[in-house]
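**Student:** below are the sequence and a predicted model for it; my questions follow.
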Amino acid sequence: MSRKQKFKTEVSKLLDIVINSLYSEKYIFLRELISNASDACDKLRYYALMNPGIAKDNGEFKITITPNSEENTLIISDNGIGMNKDDLINHLGTIAKSGTADFVNNAKDNGSVVDLIGKFGVGFYSAFMVANKVEVITKRAGETQAYKWISNGVDGFEIEEAERSKFGTDIKLYLKDDAKDYTDTVYLRHIIRTYSDHISYPIVLDLGKAGEETVNTGQALWTKNKADITEEQYNEFYHHISHNFDTPWMRLHFKAEGSIEYTGLLYIPSEAPYDLFQPDRSQSLKLYVNRVFITDKLDDLMPAYLRFVKGIIDSADLPLNISREMLQQNVLIAKIRNGVVSRLLKELKKRSENYDDYMKFWKAFGTAFKEGIYEDALNRVEIAELSRFYSTNSTEKLTSLDEYISRVKEGQTTIYYMTGDDIPTMRNNPQLEAFNAKGIEVLLLTDPIDEFWVQVLTNFKGYPVKHISSADLDLKMERDAPRADEGSLKRLTDYLAELFKNEVGKVTVTEKLTKSPVSLTVENGQMSIHLERLMRNHQQQTAFASTRILELNPYHPLIIKLADSMFDTDKTQVETVAKLLLDQAKISEGEAISDSSFFAEKISDYILRGWEENKSA
Ligand code: ADP
């Protein structure tokens, strides 16, 4: 009995793209299917550890490739974990990987195909690049009924009961006319050797009457000597474990010896994955115990700020029959994590010496990496050293904190930063005027995470790290410009404090401004305006707002004029100007203004008047 089931929308779209794409590297379907077969064997091997005896009649793990040039078919078989009916529906009718569905739904044209294949791989569905019909015959380990899944890759699939003696899966491809090459054993041998040699199970080519031939070397790549591994093999292994298609930016292959022994083969990709900031992002560090795959879901193995690292850790010192749950609290895991992290940081340090090279890493992963300053108290300083920031020092190059320190002005004892939404707006913020005038460098921080690490990295190598609003340094400058007189300034601040009592907590006179008449800031130690805005955008803490301080520049002609106007009897004009000034301060801070039509109308008014005056002058 069979019933036609429809693919989920995103699967149909993906298939449509895959089938109609002119993607030239169609041979990748084979490594995708072999990769899945290898994962399936890994899973059964682990399952059998937990359930001894279950796979005793299933034979040695292997992956068999059977071409048939007369029928123009190709079968990829494994004796791995297999799938039951639900698995077939859930895994081969939907796209489980979070984010992929969105991406596929948004992929409008064929231009994004390479991107799609490049970013996500298309896994099982890549079979439809070369086949116009696919049959999957499979039996799940521990179950008795086998099933057959059939699809032409267009509208849906059918599932029916089937026969299969052992646990595992056969994927039978009915090849397209132009895909006959994939029944050619010479070509198949070549593709398998090139792309799947690292697979640790034998990949056997079924030559019919001529018997069987194992094509790959079959040794787990990380157990080989570094000198015996080629660049291509390293990269192919990376593709296999990460499902990425890029060339990794960094590779680290090491053997740790000491209280616990383990091997690591780790990679940092060259591109950020789409789900770097999604809570349910995939984790791609695989844990092996003595070459037996245990899990790729052990979050404790790598701290979250290094979640982009792909690869494997293999240790013979962990108990083989340990459940995944038990592993979470295992002290050995914590030891491995610490060791791995310190190796990675050391390697990053080396790579950070080449600015251009390091920027490739930083642009892709810097935002996630900086979370470590907040999260990882043990390595906080090292992570901060490895972080790079925009600053007022250069519009092009990012700086390290050490470089910042090397440039501090005489007498400057503090590392200053400001936070905001984007660099251009921040550079124009009036709060920076005195710093610029005095040549004091300020870090410009734009990532949400910056608001958090600055709260824990309060000191770096003896320099307190402070927000510019808490500048207790004397920013006073020798000025010979006219200044509003104290009496009228006092009246002005009192007047403005009353006028804006619902919007600002305080009105003060500052020496920090050189160009702007006014600026907004917050009380020392309170949440920055930027953080408050972030919180508001995430619907958090809307009730709480830092006390705004409106700062006036007593040297600015507009403030002098306004202060003088305090003696006028009619305050209409004064009030309008005051409101425009507050709006101006808000805009420089990246804040929304309360009444934009008032602002627009009055500004137009003043522009026109200024224009007319200029004309007559
Ligand atoms: P991915 O391998 O990236 O998860 P695929 O589309 O290649 O995505 O496969 C989807 C899922 O189908 C796999 O995660 C796995 O659960 C299942 N699957 C695919 N091939 C096999 C196989 N040979 N044996 C068992 N399960 C398989």
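**Tutor:** Yes, it's here.
**Student:** what about stretch 519-529, how long is it end to end?
**Tutor:** Start-to-end span of stretch 519-529 (CA to CA, to the nearest Å) is 12 Å.
**Student:** distance from it to the middle of the chain?
**Tutor:** Averaging C-alpha positions (CA atoms, centre = their mean, to the nearest Å) puts stretch 519-529 30 Å from its chain's average.
**Student:** ditto for stretch 217-236
**Tutor:** 28 Å.
**Student:** same check, this time on stretch 77-94
**Tutor:** With CA atoms, centre = their mean as the basis, stretch 77-94 stands 30 Å off its chain's centre.
**Student:** report pLDDT for Lys119.
**Tutor:** Lys119 is assigned 59 on the pLDDT scale.
**Student:** with Tyr23 instead?
**Tutor:** Looking at Tyr23, its pLDDT stands at 69.
**Student:** buried sites along the strand or helix carrying Arg609?
**Tutor:** Per DSSP states H and E, Arg609 falls inside helix 596-616. For helix 596-616, the neighbour count (16 or more other CB atoms under 10 Å) marks Phe599, Lys602 as buried. C-beta coordinates here come from the backbone N, C-alpha and C atoms, glycine included.
**Student:** now Ile19, nearest residue through space, not along the chain?
**Tutor:** Distances taken as CB to CB, 6 or more residues apart in numbering put Phe128 closest to Ile19, at 5.2 Å, once the chain neighbours are dropped.
**Student:** contacting residues for the one you found?
**Tutor:** For Phe128, the contact set (CB atoms under 8 Å, 6 or more residues apart in numbering) comprises Leu15, Val18, Ile19, Val134, Gly153.
**Student:** got TSV for these, with distance to Val522, neighbour count and pLDDT too?
**Tutor:** Putting these into TSV (distance: CB to CB, whole Å; neighbours: other CB atoms under 10 Å; pLDDT from 0 to 100) gives the following:
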residue	distance to Val522	neighbour count	pLDDT
Leu15	54	21	83
Val18	53	21	77
Ile19	57	17	78
Val134	61	22	97
Gly153	58	22	89
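**Student:** mind listing which of those residues are in helices?
**Tutor:** Among the contacts of Phe128, the ones falling in helices (DSSP state H) are Leu15, Val18, Ile19.
**Student:** hang on, the last one packs against Gly153?
**Tutor:** Yes: here Ile19 lies in contact with Gly153, judged by CB atoms under 8 Å, at a distance of 6.0 Å.
**Student:** burial measure for the residue of the chain found nearest the ligand, as a count.
**Tutor:** When you check the chain against the ligand by CB to the nearest ligand atom, the closest residue turns out to be Gly123, at 2.4 Å. Close neighbours of Gly123, defined as other CB atoms under 10 Å, add up to 20.
**Student:** the nearest residue to it once chain neighbours are set aside - how many residues pack around it?
**Tutor:** Excluding its sequence neighbours, the residue lying closest to Gly123 (CB to CB, 6+ apart) is Glu32, at 5.5 Å. For Glu32, the neighbour count with other CB under 10 Å is 25.
**Student:** quick one, phi/psi of Glu32?
**Tutor:** Main-chain torsions, Glu32, degrees, to the nearest 10: phi -60, psi -50.
**Student:** correct me, but it touches Val130?
**Tutor:** No: look at Glu32 against Val130 with CB under 8 Å: they stay out of range, at 11.1 Å.
**Student:** quick one: contacts of the helix or strand where Glu382 lies?
**Tutor:** Assigned by DSSP H and E, Glu382 belongs to helix 380-386. Outside helix 380-386, the residues within contact range by CB under 8 Å, 6+ apart are 305, 345, 348-349, 352, 369-370, 372-373, 376, 400-402, 453, 456-457, 460-461.
**Student:** what residues sit buried inside stretch 46-57?
**Tutor:** Tyr46, Tyr47, Ala48, Leu49, Ala55.
**Student:** quick one: the second one and Ile81 touch, right?
**Tutor:** Same thing as Tyr47. Yes: shown here, Tyr47 and Ile81 form a contact pair, counting by CB under 8 Å, at 6.3 Å.
**Student:** quick check: neighbours shared by the two?
**Tutor:** Ala141.
**Student:** quick one on the thing from earlier: and the helix holding Glu382, how far out from the chain middle?
**Tutor:** Taking CA atoms, centre = their mean, the mean C-alpha location of helix 380-386 is offset from the chain mean by 19 Å.
**Student:** partners of the very next helix or strand once past that helix in the sheet?
**Tutor:** With elements assigned by DSSP H and E, the helix or strand that comes after helix 380-386 is strand 389-391. Here strand 389-391 is paired, per DSSP bridges, with strand 394-399 (antiparallel), strand 442-445 (antiparallel).
**Student:** how near is Leu444 to Pro424?
**Tutor:** Plainly put, Leu444 is 10 Å away from Pro424 if you go by CB to CB, to the nearest Å.
**Student:** who has more neighbours, the two?
**Tutor:** Leu444 (25 against 10).
**Student:** who are the contact partners of that one?
**Tutor:** For Leu444, the contact set (CB under 8 Å, 6+ apart) comprises Phe389, Tyr390, Ser391, Thr392, Tyr417, Met418, Gly420, Ile423, Met426, Arg427.
**Student:** at 6 Å what do you get?
**Tutor:** Tyr390, Ser391, Ile423, Met426 (CB atoms under 6 Å, 6 or more residues apart in numbering).
**Student:** element containing the residue most central in space within the chain, please.
**Tutor:** Centroid-nearest residue in the chain, with CA atoms, centre = their mean: Leu276, separated by 2.6 Å. For Leu276, there is no host helix or strand (DSSP H and E).
**Student:** let's have the ones in helices among the contacts of Phe128 in CSV, adding distance to Ala384.
**Tutor:** Shown next, in CSV, are the ones in helices among the contacts of Phe128 (distance: CB to CB, whole Å):
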residue, distance to Ala384
Leu15, 47
Val18, 44
Ile19, 49
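**Student:** and which of those is nearest to Ser315?
**Tutor:** Set against Ser315, the nearest of these by CB to CB is Val18 (38.3 Å).
**Student:** my guess is Met566 contacts Thr493, does it?
**Tutor:** No: Met566 is beyond contact range of Thr493, at 10.0 Å (criterion: CB atoms under 6 Å).
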